[in-house]
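K.L.:
below are the sequence and a predicted model for it; my questions follow.
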There are 2 protein chains.
Amino acid sequence: MSGYDDISRATVELTAVIITMRDGEPCVLAVDAPDRSALALPSGPLQSGHRTLQAGVRSWVEKQTGQELGYIEQLYTFGDRHGRALAVPHHRTISIAYLALVCAGDDVASDTRPWRRWYAFFPWEDHRSGRPSASGPLLRRLGQWARKSGRLNDPDCRERVGLTFGIGDTPWDEERALERYEMLYEADLVPEAASDRGDEAPTTKSNPAGVPMFSDHRRILATAISRIRAKIKYRPVLFELMPASFTLLQLQKAAEALSGMSLHKQNFRRLIAQQSLVEETGELAIDTGGRPAKLVRFRKEATLEQPTPGVRLKATRRGAYP
Amino acid sequence: MSGYDDISRATVELTAVIITMRDGEPCVLAVDAPDRSALALPSGPLQSGHRTLQAGVRSWVEKQTGQELGYIEQLYTFGDRHGRALAVPHHRTISIAYLALVCAGDDVASDTRPWRRWYAFFPWEDHRSGRPSASGPLLRRLGQWARKSGRLNDPDCRERVGLTFGIGDTPWDEERALERYEMLYEADLVPEAASDRGDEAPTTKSNPAGVPMFSDHRRILATAISRIRAKIKYRPVLFELMPASFTLLQLQKAAEALSGMSLHKQNFRRLIAQQSLVEETGELAIDTGGRPAKLVRFRKEATLEQPTPGVRLKATRRGAYP
DNA sequence: CCCTCTTATGCTCAAGATAAGCATAAGGTC
DNA sequence: GACCTTATGCTTATCTTGAGCATAAGAGGG
């Protein structure tokens, strides 16, 4: 073993991506960054009083936002920013990101916490009504970038763009949210890329590149989105976001909002039914605008029974944009 | 913000689970623990010279074992041991585990590194020829434990055992390797549970509980196994373990060894074929013991093309032990 | 060379799961 | 009552999957 000096002590930053559904939109809890320059995810350093990492996350979030956390899982540990080495070698920060899902609660109006729609940060990820308008300019600029960089070091670059964004005969894969953000970062199409270099970011308002975030927080959020989109298919995490009882359409809308795709209604119901993930409460939802729907609740036992209890979803219009 | 003292500096331990295939068996690289008390995964503290976390892992592994790493991915970050609070608050260690897959290479014989068959650590996980003999005693003792703890705080405990180990009409789910290890730990059936408490572990040799490891390293290995078993189904990671060219049977045997299940031969080939994950080299394998098999190689392009290019596998005898 | 053993490979068939849509039910509004 | 909206049941064509039969092509022994 070499001397003590070689071992770098690190500050451990705990960062939380807290997701909820509000008015049918997936939202993330975003506070002001310490320097007020941008929005940030709630976070704080691991402290001696924290008994576990999770406890630390819960504590910081409660302190900063008043939000109590239920479901929580570890997302990823970041040691550097987009592969760059850290600035000060003997005082590094590693940051451990957690994903938390909280239920909307009944009183959406009285909840004054700073929730933000997640598609404000990722406008190109919302394909519920076809490819969104933000895609156009982004894809055009990605194409330019690919042509330029393509000749040099990455001959498959254009192909990669197409695959990642579902162009040609590649279907759109909603789970690749992180890949897409990283590609946009690489292509210098998100403001964070410029500011990480130390450049002044061109502050184009209402950018197709979406609302930027402090530090690498938007990347962490993209990681969370990819994780959620993958996980709802094989674990019943969707129900963490639902109220105690709900209609199947509400459930479907939530699945659609999270995955950013629209689903076939009847097939969705069949899927839920045959996995017996829910049971009827016996009550009816009023005010659905049409025939009243039966209210259902999540069957907690399902977590145990099923090998992969999740909402296997498939887009109605599967795929393949021209 | 509170005073500086509240922020605990941490030593960051980097731990590597390095997997390869040797003689058709999945193996893990295991060194002697610092105190020689048990086998351990290669690991070392993050140092100031390490530019990134990954670089730190690579560097320690090479120093300790001479093994160079190719494919590498982050596994999990552990801040405590099995949920227990850390001993000394102002000097905590968090440990970041990585998974690396390395290709066997052509000269298995000349590789003197300390590879260990992973089923030596998890004898109950190898279901290639039915439920292994180690299962019997373990299940019996798990049953006893469940009966005892069941009355008190966990009425569903017996059910949970059955689901986790695939008893009754629940099929065996090979991906639940981590859950199973954690259940055995909880039930005090692995030596690590006793030694974490400070007790002397009863050193029964040739235990059905498998070979123990230093600290929580066996838990980390279980995490890796679960991850691999899940991932080979949707990403072409299996090929990281294969030589440049191989036969389909070799590939199948590797998939079987990793997942711990035996697969239907013709269906396995169909699956690989229809995903066009491999292409023929034109050569034939000699010495297969029967009709010579065509040699194939992995099609790297497949990584891009396919939405989920992996070896979707399903056990021949799916399931349901009596 | 024939018989037998081993592995490779092609093909079929029945079940089960999925994608899409038709049709009907049951509320509300004018 | 006509018409709109959402809920829910059911059908059909297609794919996918699990399982197994059958044949091919090598080796070795007689």
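P.N.:
Right, received. Where do you want to start? Numbering: from 1, shown residues only, chains lettered A, B, ... in the order given.
K.L.:
separation between residue A:130 and DNA strand C?
P.N.:
Distance of residue A:130 to DNA strand C, computed by CB to the nearest atom of the strand, to the nearest Å: 14 Å. The C-beta positions use only the backbone N, C-alpha and C, and glycine is treated the same way.
K.L.:
beta partners of that residue?
P.N.:
Counting by DSSP bridges, residue A:130 forms beta bridges with residue A:128.
K.L.:
okay, it: pLDDT?
P.N.:
Note on residue A:130: pLDDT of 88.
K.L.:
then residue A:198?
P.N.:
With respect to pLDDT, residue A:198 has a value of 68.
K.L.:
also residue A:201?
P.N.:
pLDDT, residue A:201: 59.
K.L.:
with the one 3 residues further on instead?
P.N.:
In the predicted model, residue A:204 carries a pLDDT score of 55.
K.L.:
and residue A:21, by the same measure?
P.N.:
At residue A:21, the pLDDT recorded in the model is 94.
K.L.:
for it, give me its contacts.
P.N.:
A:27, A:104, A:241-242, A:254, A:257 (CB atoms under 8 Å, 6 or more residues apart in numbering or on different chains).
K.L.:
greatest separation within those residues: which pair is it?
P.N.:
A:27 and A:242 (14.3 Å; CB to CB).
K.L.:
which of those two has more neighbours?
P.N.:
Shown here are residue A:27 and residue A:242; by other CB atoms under 10 Å in any protein chain shown, residue A:27 has more neighbours (22 against 19).
K.L.:
which residues does that one contact?
P.N.:
With CB under 8 Å, 6+ apart, residue A:27 has these contacts: A:19-21, A:115-118.
K.L.:
need the next SSE after the host helix or strand of residue A:271, C-terminal direction.
P.N.:
Using DSSP states H and E, residue A:271 maps to helix A:265-274. Heading C-terminal from helix A:265-274, the first helix or strand you meet, by DSSP H and E, is strand A:278-285.
K.L.:
between the contacts of residue A:27, which sits nearest DNA strand C?
P.N.:
In terms of CB to the nearest atom of the strand, no member of the contacts of residue A:27 lies closer to DNA strand C than residue A:21, at 23.3 Å.
K.L.:
go ahead and produce PDB holding the CA coordinates of whichever strand or helix holds the closest one.
P.N.:
Using DSSP H and E, residue A:21 maps to strand A:9-22. Provided in PDB are the C-alpha atoms of strand A:9-22 (Å, rounded to 0.1, in the frame of the first residue of the first chain):
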ATOM      1  CA  ARG A   9     -11.200  11.400   0.800                       C
ATOM      2  CA  ALA A  10     -14.300  12.300  -1.000                       C
ATOM      3  CA  THR A  11     -17.400  14.300  -0.200                       C
ATOM      4  CA  VAL A  12     -20.400  12.200  -1.000                       C
ATOM      5  CA  GLU A  13     -23.200  14.200  -2.500                       C
ATOM      6  CA  LEU A  14     -26.700  12.600  -2.300                       C
ATOM      7  CA  THR A  15     -29.000  13.600  -5.100                       C
ATOM      8  CA  ALA A  16     -32.700  12.800  -5.400                       C
ATOM      9  CA  VAL A  17     -34.900  12.500  -8.400                       C
ATOM     10  CA  ILE A  18     -38.400  12.700  -7.000                       C
ATOM     11  CA  ILE A  19     -41.200  11.900  -9.400                       C
ATOM     12  CA  THR A  20     -44.900  12.300  -9.100                       C
ATOM     13  CA  MET A  21     -47.900  12.600 -11.400                       C
ATOM     14  CA  ARG A  22     -49.800  15.900 -11.400                       C
END
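K.L.:
what's the next secondary structure element after that strand?
P.N.:
Counting by DSSP H and E, what follows strand A:9-22 is strand A:25-29.
K.L.:
flag every buried residue along that next one.
P.N.:
Neighbour-count burial for strand A:25-29, with 16 or more other CB atoms under 10 Å in any protein chain shown as criterion, is recorded at A:25-29.
K.L.:
so what pairs up with the closest residue to residue A:43 other than its chain neighbours in the strands?
P.N.:
The shortest distance from residue A:43 to any non-neighbouring residue, by CB to CB, 6 or more residues apart in numbering or on different chains, is to residue A:15 (3.9 Å). Taking DSSP bridges as the rule, residue A:15 bridges to residue A:43, residue A:97.
K.L.:
for residue A:136, see how far away residue A:15 is.
P.N.:
32 Å (CB to CB, to the nearest Å).
K.L.:
neighbour-wise, which of these two wins?
P.N.:
Counted by other CB under 10 Å, residue A:15 and residue A:136 do not tie: residue A:15 has more neighbours, with 24 against 12.
K.L.:
for residue A:161, what are its contacts?
P.N.:
Residue A:161 touches A:139, A:142-143, A:146, A:167, A:183, counting by CB under 8 Å, 6+ apart.
K.L.:
equivalent analysis for residue A:314, please.
P.N.:
By CB under 8 Å, 6+ apart, the contact list for residue A:314 reads A:263-264, A:267.
K.L.:
how about the residues of the stretch 101-250 of chain A by chain B?
P.N.:
Counting by CB under 8 Å from any CB of the partner chain, the residues of the stretch 101-250 of chain A close to chain B are A:156, A:159-160, A:163, A:170-171, A:173.
K.L.:
go again using 10 Å as the cut-off
P.N.:
Those residues of the stretch 101-250 of chain A that sit near chain B, judged by CB under 10 Å from any CB of the partner chain, are A:156, A:159-160, A:162-164, A:166, A:169-173, A:175-176, A:230, A:234.
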